[in-house]
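Chemist: here is a sequence with its predicted model. Questions after.
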Amino acid sequence: MTQFISPRNFAFSRSSIFKIVCLLCALVLLFGFSVTSLSATDAPRRFPVALKAGDVLPTGNEWVALPTIRSEDGAVASFNVLSMRDRGLLEVVGENGTPALKPYFKIDGKALALKNLSWELLEYWIPVAHMSADGIEITMTYCAPPGSRGAFLHLTLKNTRTSPVEAVLGLRASWGSLNRVTYTPVALRGERTVSSAPWVDPGEVFSFITDDTRFAWSVIHPGSVGEMLVPPVAVAPLVNAERKVTLARGETAEANYVLGVGIEEFSAPHSARPLRELIDRSGADEIIAQAAAWCRARTRSTGKPDLDMLMNRNFLFTALYAWGRTIDTEQFVGVTSRSPRYYVSAAYWDRDAMLWSFPGLLDIDKALARDALEYALTTQLRNAGVHSRFIDGVILEDGFQLDELVAPVLATASYVRKTGDDAFLLAHRDAIASLRDRLLTRFDADTGLFSSLQDSQDEFQKRPFLIYDNVLTWRTLLDFAEMFGQLKDAATAQDMTRRADALRKAIMRYGVSDQAPGATGTVFLCATNGKSPLFADIPPGSLLKLPGLGFVKEDDPVFVRTYEWLHSKNYQYSYSDLSYGLPGSYRLPITTSWSVADHLLLARGRDAALKVLHASTWDAGIVSEGLDPETAVMDNAGGAFATAAGYVAHAICQTYCEKH
């Protein structure tokens, strides 16, 4: 992000150079930047983004999430951090529904109305708002540099009038509530205070106090003057920080407001202070450019600008909103989403993390993928296969799901296959063996199938043998065989191969039937108890995934008939007569993001998937759980779905990314 070592007084002997290289490597690990990103040599690419009233833009880094930057005025409705003690998110919201952070401008003593903002994204992630009105031009840029325990708002104002103007660039910071969020926000009870930031000036720190300070955040504002208001003068603690300037024609002023987060009053402003100092040394534009360079290094290209926009925004969203670091223990953790717009945010699910987000991580950042896998095979290992957990591994929703249990195995195999990181496999040999042993407890000797209590849409299934889950298990057994072979355990590898062959035969015996209403022959079942078949589909665990798992080819007659039946009027939730309809289910009577991705990976379904991708705005460009099959408008409950964002981005890349 800046020059970390000074060349003065260095004698450039071999030992000195070696020390410098070691120091640089240590700093790279500490701050999360690659060496090449320390100097941003290329100007960030700028991508206009079309927004409508009510849309929000997310940005953030591994420490701080700004999920709700409002399109109409650039205000931040809320921001959050991950907290291990609180087993989820700590969310800061403003008073009585007002924004937590609200930028503003004044011209000659009058508030400048922020309207008709035009937005663009630097490298698909850093939002910049522009407005020009009455001879005044403004910009607002939100940037959370990777590695920083903070973010900053960069404001500029240019006078293009013929006469000078008295201008104010300001920020209003309000603290109405601190919510603990795991699925739903719960307001925490405690005292919210504001005071001058200790040892950092100018700035203020907001503290949440019970018997001790539990969390704090600060706003540092170099060049601006802050005014604190507290009850009873204000409803909630707030700060107005302003920079006042006189601008002649053609002159531009800027102001920077730095947000820092911490576990108490000192750490919060001192999280903001290094970022303020970097801005002071290199300038806001350079820090923004360096953050953009980090993002650019994690993008891919399809050669199609519209697909690149959707794919890369969601690659970055899954990397920074499905994963992050806790403010109190600094541990790297995974969640469904760090955005409260997703209705089951801030919890861990094996399937979501390892089958949906992880492939996207592996596409763009192998080191990040390794960290994610490490977390799954350690903190979350003891309850692998249980419906959902808190970020510390404690059970949130009980109930066994077969796809959840095998997900970390599939992710490990794909990671080792792609990276050749045999050392990682060796280090986690015991975890892999533990997952194998747990899987074998689900084996049913009478049918040769593996059982689950709940299905891939997290609902109880009375029929215990889900066919997609068993195909996933077949793939897992083959992956076990490959990994145990690499671990020089030939006997276990042979046993896993034998079990995979036997399971394939059991699936083809119990998992197909010619009794589906209107079908022209045998099709794959959704589930069975060995006697009674269920003809349906479950989009998060669809039968349409079977070719992608290598179980059948796309032109296999049984699969072809299954595809045709699911898209026919004989299936209640096919939606085949609607403009953007893809097969859903009773639990998900919509066109889901998983279905779009699965169709994209099938030659026969690709055109239908592309039609949806081109028609829908999703959640202002961020993948949502699903869409209205008639209008392609987002299903409101499932916005900002970070793990599914990785699934869709990966499917786009797998289909279209240019090979370099």
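Modeler: Happy to help now that I have it. Residues are numbered from 1 along each chain as shown.
Chemist: only C-alpha atoms from now on, for both contacts and neighbour counts.
Modeler: Fine.
Chemist: which one is T213 nearest to, not counting chain neighbours?
Modeler: E264 (5.6 Å; C-alpha to C-alpha, 6 or more residues apart in numbering).
Chemist: and the one you found, what is it in contact with?
Modeler: 207, 213-216 (C-alpha atoms under 8 Å, 6 or more residues apart in numbering).
Chemist: so which of those residues wins on neighbours?
Modeler: Using other C-alpha atoms under 10 Å as the neighbour criterion, S207 leads the contacts of E264 with 27 neighbours.
Chemist: pretty sure A649 sits against N312.
Modeler: Yes - with contact defined as C-alpha atoms under 8 Å, A649 reaches N312; the gap is 7.1 Å.
Chemist: could you measure from the residue nearest to T213 over to S414?
Modeler: 41 Å (C-alpha to C-alpha, to the nearest Å).
Chemist: re the thing from before, sitting in helices, which of the contacts of E264 do you find?
Modeler: In this view, the contacts of E264 have no member that belongs to helices under DSSP state H.
Chemist: inside strands: which ones of the residues you listed?
Modeler: Counting by DSSP state E, those place 207, 213-216 in strands.
Chemist: so which residues of the stretch 201-350 of the chain form helices?
Modeler: 267-282, 284-296, 305-321, 350-351 (DSSP state H, counting those that start in this stretch).
Chemist: pick the most deeply packed of these.
Modeler: Mean neighbour count (mean count of other C-alpha atoms under 10 Å) peaks for helix 350-351 among the helices of the stretch 201-350 of the chain, with a mean of 28.
Chemist: so what touches that helix?
Modeler: 376, 384-385, 388, 403-405, 407-408.
Chemist: dump those to TSV, plus distance to L121 and pLDDT.
Modeler: TSV is the format used below for the contacts of helix 350-351 (distance: C-alpha to C-alpha, whole Å; pLDDT from 0 to 100):
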residue	distance to L121	pLDDT
A376	32	98
A384	38	98
G385	38	98
S388	34	97
D403	36	98
E404	35	98
L405	38	98
A407	33	98
P408	34	98
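Chemist: so where does W594 fall, helix or strand?
Modeler: For W594, the host element (DSSP states H and E) is helix 593-600.
Chemist: for that helix, packing partners?
Modeler: Helices and strands touching helix 593-600, by 3 or more C-alpha pairs under 8 Å, 6 or more residues apart in numbering; DSSP states H and E, are helix 606-615, helix 642-656.
Chemist: measure V93 to A173 for me?
Modeler: Taking C-alpha to C-alpha, one finds V93 at 10 Å from A173.
Chemist: sketch out the low-pLDDT regions of this structure for me.
Modeler: 1-41, 659-660 (pLDDT under 70).
Chemist: can you pull out the strands in the stretch 101-250 of the chain?
Modeler: 101-107, 110-111, 118-122, 126-133, 136-143, 150-159, 165-174, 177-182, 184-187, 191-196, 203-209, 213-220, 225-229, 238-247 (DSSP state E, counting those that start in this stretch).
Chemist: list the contacts for D392?
Modeler: Here D392 is in contact with 84, 87, 379-380 (C-alpha under 8 Å, 6+ apart).
Chemist: of these, closest to H154?
Modeler: Lowest distance from H154 to those (C-alpha to C-alpha) belongs to M84, with 30.6 Å.
Chemist: spatially nearest residue to the closest one, not counting backbone neighbours?
Modeler: Nearest to M84 is T326, by C-alpha to C-alpha, 6+ apart, at 5.9 Å.
Chemist: so what touches stretch 122-140?
Modeler: Here stretch 122-140 makes contact (C-alpha under 8 Å, 6+ apart) with 44-47, 57, 59, 74, 114-121, 141-143, 153-161, 292-293, 295-296, 309, 312-313, 316.
Chemist: coming back round to it: for the strands of the stretch 101-250 of the chain, could you give me TSV that also reports distance to E277?
Modeler: Formatted as TSV, the strands of the stretch 101-250 of the chain follow (distance: least, C-alpha to C-alpha, whole Å):
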stretch	distance to E277
strand 101-107	22
strand 110-111	30
strand 118-122	22
strand 126-133	20
strand 136-143	15
strand 150-159	12
strand 165-174	19
strand 177-182	28
strand 184-187	34
strand 191-196	18
strand 203-209	13
strand 213-220	11
strand 225-229	18
strand 238-247	18
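Chemist: of those strands, which is nearest A369?
Modeler: Nearest of those (C-alpha to C-alpha): strand 126-133, 22.3 Å.
Chemist: dump that closest one to CSV, restricted to CA.
Modeler: The C-alpha coordinates for strand 126-133 follow below in CSV (Å, rounded to 0.1, in the frame of the first residue of the first chain):
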residue,chain,number,x,y,z
ILE,A,126,-15.0,0.2,-5.2
PRO,A,127,-18.1,2.4,-5.6
VAL,A,128,-17.8,6.0,-6.9
ALA,A,129,-20.8,8.4,-7.1
HIS,A,130,-20.8,11.5,-9.4
MET,A,131,-23.1,14.4,-9.5
SER,A,132,-23.0,17.7,-11.4
ALA,A,133,-25.5,20.5,-10.8
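Chemist: in that strand, which residues are buried?
Modeler: Across strand 126-133, burial judged by 16 or more other C-alpha atoms under 10 Å covers 126-132.
Chemist: strand partners (parallel or antiparallel) of it?
Modeler: strand 118-122 (antiparallel), strand 136-143 (antiparallel) (DSSP bridges).
Chemist: from the chain's centroid, how far away is that strand?
Modeler: Remark: strand 126-133 is offset 24 Å from the chain centroid, using C-alpha atoms, centre = their mean, to the nearest Å.
Chemist: cool, and stretch 388-397?
Modeler: The answer for stretch 388-397 is 18 Å, by C-alpha atoms, centre = their mean.
Chemist: before we move on, what about stretch 293-304?
Modeler: The answer for stretch 293-304 is 16 Å, by C-alpha atoms, centre = their mean.
Chemist: contacting residues around it?
Modeler: With contact meaning C-alpha under 8 Å, 6+ apart, stretch 293-304 is reached by 33-34, 37, 40, 42, 44, 123-125, 146, 308, 312, 315-316, 364-365, 653, 656-658.
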